[in-house]
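Participant: Give the three-dimensional model of this entry:
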Amino acid sequence: MNTEIDKHNPQPREVNTTAILFAVLVIAVCGLVYELIASTLASYVLGDSVTQFSTVIGVYLSAMGLGSWLSSSIKKNVLSRFIEVEILVALIGGCSAAFLFLAFSHVSAFRLVLYTVVVLIGTLVGLEIPLLMRILKDKYEFKDLLARVLTFDYLGALIASLAFPMFVMPKLGLIRGSLFIGLLNAFVALSLTFFFEPEFKKKIQLYTLRTQSFVVIGILVAGILFSENLTKWSEDELYTDNIIYAKRSKYQRLVITQSKGSFHLYLNGNLQFSSTDEHRYHEALVHPPISVVQERYQGDLNVLVLGGGDGLAVREILKYPAVKTVTLVDLDPQMTELARHHPLLSVQNEQSLTDPRVRVINDDAMTWLARDENPSKRFDVIIIDFPDPNSFSLGKLYTTRFYRLVKRVLAEHGALTIQSTSPLLARRSFWCVEETVSSIGFKTRAFHATVPSFGAWGYVLASPLPFDIPAQLPPNLKYLTPEVMKSMFVFPKDMDKVPTEVNRLNNQVLVQYYESEWSSWY
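Facilitator: Predicted structure coming up:
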């Protein structure tokens, strides 16, 4: 056994294998979580989630292979070297998220910094298992040793894969989460200095390792205690305006910034609206389908809104006296609570979510539609206001499968609109949405509006029955007039229709279009 051995007794000392195998479990959890944190952070700040997860995971695994190879260069004092590796992993991995957020704001070559950090952490993690196996090699036969170590390693990976989406992200967030995981590594290092104290013949080495462990634990604990300040500090660098609200929900990071005369809502770093021009976006989203329906149906209106948890689309819907009910289905309860109670947002949406005609359901829209217990119920108007399809979890809400579920609950005389990204900056993505909706039997018309915060923005208007360009509008709108609404259905040459594939659940071609097109602009 390559640990510190008594020179007068060549036989290896008894090793606490339970402690070592528990260390295997913990470091496996920590190693995978660091990988997931780096991938998630990269997708937040760089977009293109498929590419970021693929490249970060690939680089990380390759670095682990490098670490495994380098482990052969450690010839003696294996236990001490292992504890030192744990201390380094705790410090570098624990501080990685905060460091990368700050680097994104200050370093132009962010990808180089990102992959350097990933390689460094991956190399250190790759050192761990080979060193552990050498520590245990005199305790078990090789086949038993391999089975035990790999069993605990794979079990740790399972725990990490469940803990990351269920605990680390929703409860801790990226910065506090990485600090907490680093703390686990540091406690492993410190604990091993006590479990294996007899192995250290040089007490100065033992005390040095304990001191290093305590210092790193202190740094990480301080980071956790001041994590809100660290998060605010890093976010202040990402946003040009003052942050007046920032909170992580189970599903996303919600940030409100304020400048002179306006405020802005961001979800996971992506701008959702600016108070100066959101009326253009929401008037274009809401009024065309209601106009289509009212031209051929004179009864009360039951309206369904999918997404739109900020309440701004509901504000526009409630301008119609014929509206009897509004059902809003939005995934995130913290978003809808923010829309109800935040003073700026509730004023902007005119307290629409507290109107007695409005029912708020916090659920995944696709799941809610699929388990509809009353399929005979029909909505006269459906407004679909989801974020852009920049990931597969969002892309599923733009598939034929989803639109068939929508069609099932839309009245025959009804109409719907879908926000469909920019026909100028993401032309194929936009027309892919229109092609997908049309492919399941809807009559469609694409249109666009100019929203200064986003540029030219596109929508798809659809109905089971043929329809003309709508013309009816309620009074006192800020943007739309009959003439403006008519002009929205005319596309200039650089935004006109291009051929695309249909977006299906099994291929999600829209996500590929979207990431390819937007990455060429930003």
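Participant: Mind telling me what element S96 is part of?
Facilitator: For S96, the host element (DSSP states H and E) is helix 78-106.
Participant: do you know how far the nearest residue to E86 once chain neighbours are set aside is from E84?
Facilitator: Closest residue in space to E86, ignoring its immediate chain neighbours: A189 at 3.7 Å, by C-beta to C-beta, 6 or more residues apart in numbering. C-betas here are computed from N, CA, C, even on glycine. Noted for A189: a distance of 8 Å to E84, by C-beta to C-beta, to the nearest Å.
Participant: overlap in contacts of these two?
Facilitator: Shared contacts of A189 and E84 (C-beta atoms under 8 Å, 6 or more residues apart in numbering): L209, Q212.
Participant: which one of these two has more residues nearby?
Facilitator: A189 (26 against 18; other C-beta atoms under 10 Å).
Participant: Surely the more buried one and R81 touch.
Facilitator: No - A189 sits out of contact with R81 when judged by C-beta atoms under 8 Å, with a separation of 11.5 Å.
Participant: Quick one: residues contacting the residue nearest to E86.
Facilitator: Contacts of A189 (C-beta under 8 Å, 6+ apart): I83, E84, E86, I87, A90, L209, Q212, S213, V216.
Participant: S422 now?
Facilitator: F430, F454, G455, A456, W457, G458.
Participant: Strands - which of those land there?
Facilitator: Members of these lying in strands (criterion: DSSP state E): G455, A456, W457, G458.
Participant: Roughly how far does L190 sit from D496?
Facilitator: 65 Å.
Participant: of those two, who's got more company?
Facilitator: Ranked by neighbour count (other C-beta under 10 Å), L190 and D496 place L190 first, with 20 against 12.
Participant: who's in contact with that one?
Facilitator: R210, S213, F214, I217.
Participant: picking that back up, between the contacts of S422, which is nearest K319?
Facilitator: Proximity of those to K319 (C-beta to C-beta) peaks at W457, which lies at 20.8 Å.
Participant: Pairing partners for the closest one in the sheet, please.
Facilitator: A449 (DSSP bridges).
Participant: Quick check: it touching E283?
Facilitator: No - taking contacts as C-beta under 8 Å, W457 lies outside contact range of E283: 11.8 Å.
Participant: ok so, going back, could you say which of the contacts of A189 is surrounded by the most neighbours?
Facilitator: Neighbour max across those (other C-beta under 10 Å) = E86, 31 neighbours.
Participant: thinking again about what came up before, next, format the ones in strands among the contacts of S422 as TSV and append pLDDT.
Facilitator: Output for these, formatted as TSV (pLDDT from 0 to 100):
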residue	pLDDT
G455	91
A456	94
W457	96
G458	96
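Participant: Would you format those residues as TSV with neighbour count and distance to S105 included?
Facilitator: Putting those into TSV (neighbours: other C-beta atoms under 10 Å; distance: C-beta to C-beta, whole Å) gives the following:
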residue	neighbour count	distance to S105
G455	12	24
A456	17	29
W457	23	27
G458	27	31
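Participant: So which of these is the closest to P474?
Facilitator: Nearest member of the ones in strands among the contacts of S422 to P474, counting by C-beta to C-beta, is W457, at 21.2 Å.
Participant: if we can go back for a sec, are there helices or strands packed against the helix holding S96, and which ones?
Facilitator: The contact analysis (3 or more C-beta pairs under 8 Å, 6 or more residues apart in numbering; DSSP states H and E) places helix 78-106 against helix 17-46, helix 110-136, helix 173-195, helix 203-225, helix 227-238.
Participant: any chance of those helices in CSV, with mean pLDDT and distance to Y513 too?
Facilitator: As requested, the helices and strands packed on helix 78-106 are exported to CSV (pLDDT from 0 to 100; distance: least, C-beta to C-beta, whole Å):
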stretch, mean pLDDT, distance to Y513
helix 17-46, 84, 17
helix 110-136, 89, 23
helix 173-195, 90, 28
helix 203-225, 92, 40
helix 227-238, 70, 27
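Participant: Mean neighbour count, these: which tops it?
Facilitator: Per-stretch averages of neighbours, counted by mean count of other C-beta atoms under 10 Å, single out helix 173-195 among the helices and strands packed on helix 78-106, with a mean of 23.
Participant: how big is the angle separating that helix from helix 78-106?
Facilitator: Interaxial angle, helix 173-195 versus helix 78-106 (axes from the mean of the first three to the mean of the last three C-alpha atoms, to 10 degrees): 160 degrees.
Participant: I'd guess Q334 is in a helix, am I close?
Facilitator: Yes - looking at Q334 with DSSP: H, G, I helix; E, B strand; the rest coil, it is inside a helix.
Participant: is it true that it touches L254?
Facilitator: Yes - Q334 is within contact range of L254, at 6.6 Å (criterion: C-beta under 8 Å).
Participant: more crowded one of those two?
Facilitator: Using other C-beta under 10 Å as the criterion, Q334 and L254 rank with L254 on top: 21 against 16.
Participant: isn't there a strand covering that one?
Facilitator: Yes - remark: L254 belongs to a strand, assigned using three-state DSSP.
Participant: how much space between it and G309?
Facilitator: In terms of C-beta to C-beta, L254 sits 10 Å off from G309.
Participant: for I92, same thing?
Facilitator: 38 Å.
Participant: So which of the two has more stuff around it?
Facilitator: G309 (28 against 19).
Participant: quick one: the more buried one from V358, how far?
Facilitator: 12 Å.
Participant: Compute the mean per-residue pLDDT across stretch 87-98, please.
Facilitator: Mean per-residue pLDDT for stretch 87-98: 93.
Participant: got a list of contacts for that stretch?
Facilitator: Outside stretch 87-98, the residues touching it (C-beta under 8 Å, 6+ apart) are 27, 30-31, 34, 37-38, 41, 117, 120-121, 124-125, 128, 174-175, 177-186, 189, 209, 212-213, 216-217, 219-220, 223, 230, 234.
Participant: can you list the domains in this structure?
Facilitator: For the chain, the structural domains run 17-229, 235-273, 277-519, going by automatic domain parsing.
Participant: Flag every buried residue along the second one.
Facilitator: Judged by neighbour count using 16 or more other C-beta atoms under 10 Å, the buried positions of domain 235-273 are 235, 238-239, 243, 246, 248-249, 251-257, 263-268, 272-273.
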